[in-house]
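K.L.:
Quick one: sequence and predicted model below, then my questions.
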Amino acid sequence: MKRDFLSIKDLQLEEIEHIFSLTDELKAKVKDHSRSLSGKSLGLIFLKPSLRTRVSFEVGMNQLGGYALSLAAEDIKFGTREAAKDFGKVLSRYLDALVVRTFSHSEVEELADSSDIPVINGLTDLLHPCQALSDLYTIKEKKGNLDDIKLAFIGDGNNVAHSLLYGCAKLGVNLKIATPSKHKPDEEIFNHAKELAKSSGVEIILSDKPSSAAANADVIYTDVWASMGQEREYKKKVKDFKGFQVNQELLSLAKPDCLVMHCLPAHRGEEITDEVLDGAHSIVFDQAENRMHLQKAILLMLLGGY
Ligand code: CP
Ligand code: NVA
């Protein structure tokens, strides 16, 4: 049966560990897998802009010996020209897998339900699983392991925060999220993550105080205040997030070897200062690079039977 990757919540802990060890191998020996997905085709559909996700999937697929094909949103007119279920069935006859970036999460689910090929969530309004899984890999790579790690997410309770909630709960990473009270994460996802964290034995905490989240943190993570699709709310959100900037003062509350992460693109001078983004604690470009290595592992797992 085909397998999709729509959310970290659908992965077992052993599967995540397998993806991480495959990622280690792929990163160390790029050439060893240059024929692993030979003859396979990956379609990419992006209804929102993308730099990292698109390029890392395209190049990653090529490095595995496969072929990546971007489908321009204006050509395919996803959701308007034909029913999503017809769309999924047709593409299943040509392609071996699909990466999709949409607005509503249900669009990706509908496409996955109607396709006979694996569908990978390349970001929806609700979740960004490739990002969060790759970020947890990066933390493990930098720190050696994930034991006793305290991650502080400062900013909007958005798609990245939701996927970090699932990832931290599954992998056993303590997570403190600080958001303004109007911009908390989805309650159902938060409660589900808290439930999952009971098995991994870590704390998942929500507050409206960036300083309490940042205190003694091993990692400080932030993301834009207004996500793609929220352009009309931008001005209001900038006001709501006053005091939530990741700057030198906030960083000074964390552990001396604290890592600073951002999924990018960043709005420099808003959610994070230039000084911190470009500073010695920042690992944002290693973080961006690892997207490609980890997504190659996901492709090998879903398409290559690894
Ligand atoms: N971080 C991330 O997903 O970047 P893009 O939106 O550029 O793909
Ligand atoms: N939360 C951001 C992430 C971008 C990678 C957005 O959805 O725009």
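P.N.:
Here it is on my side, so go on. Numbers count the residues shown, from 1 in each chain. Ligands and ions are numbered 1, 2, ... in the order given.
K.L.:
And the worst-scoring helix or strand of the chain on mean pLDDT, what does it pack against?
P.N.:
Lowest by mean pLDDT, DSSP states H and E among the helices and strands of the chain is helix 73-76, with a mean of 88. Judged by 3 or more C-beta pairs under 8 Å, 6 or more residues apart in numbering; DSSP states H and E, helix 73-76 is in contact with strand 41-46. The C-beta positions use only the backbone N, C-alpha and C, and glycine is treated the same way.
K.L.:
Parallel or antiparallel, list what pairs with the strand it packs on.
P.N.:
The strands beside strand 41-46 in its sheet (DSSP bridges) come out as strand 67-71 (parallel), strand 97-101 (parallel).
K.L.:
Tell me what angle the helix or strand following it forms with strand 97-101.
P.N.:
The first helix or strand that comes after strand 41-46 along the chain, using DSSP states H and E, is helix 52-63. Inter-element angle recorded for helix 52-63 and strand 97-101: 170 degrees (by axes from the mean of the first three to the mean of the last three C-alpha atoms, to 10 degrees).
K.L.:
what sits up against helix 52-63?
P.N.:
With C-beta atoms under 8 Å, 6 or more residues apart in numbering as the test, helix 52-63 has contacts from 30, 33-34, 37, 40, 42, 44, 46, 67-68, 70, 99, 101, 120, 122-123, 130-131, 264, 288, 291-293, 295-296, 299.
K.L.:
ok, and of those residues, which contact ligand 1?
P.N.:
123, 131, 264 (C-beta under 6 Å from any ligand atom).
K.L.:
Which one of the residues you listed is nearest to residue 219?
P.N.:
Nearest to residue 219, judged by C-beta to C-beta, of the ones next to ligand 1 among the contacts of helix 52-63 is residue 131 at 14.4 Å.
K.L.:
so that closest one sits in a strand?
P.N.:
No. Residue state for residue 131 (DSSP: H, G, I helix; E, B strand; the rest coil) corresponds to helix; a strand is not indicated.
K.L.:
Disregarding flanking residues, what is the spatial nearest neighbour of residue 130?
P.N.:
residue 295 (5.7 Å; C-beta to C-beta, 6 or more residues apart in numbering).
K.L.:
Sorry, slip of the keys, the one I care about is residue 214.
P.N.:
For residue 214, the closest residue by C-beta to C-beta, 6+ apart turns out to be residue 253, at 4.6 Å.
K.L.:
Return the distance of that neighbour relative to ligand 1.
P.N.:
Counting by C-beta to the nearest ligand atom, to the nearest Å, the gap from residue 253 to ligand 1 is 26 Å.
K.L.:
Next: residue 231.
P.N.:
Counting by C-beta to the nearest ligand atom, the separation of residue 231 from ligand 1 is 15 Å.
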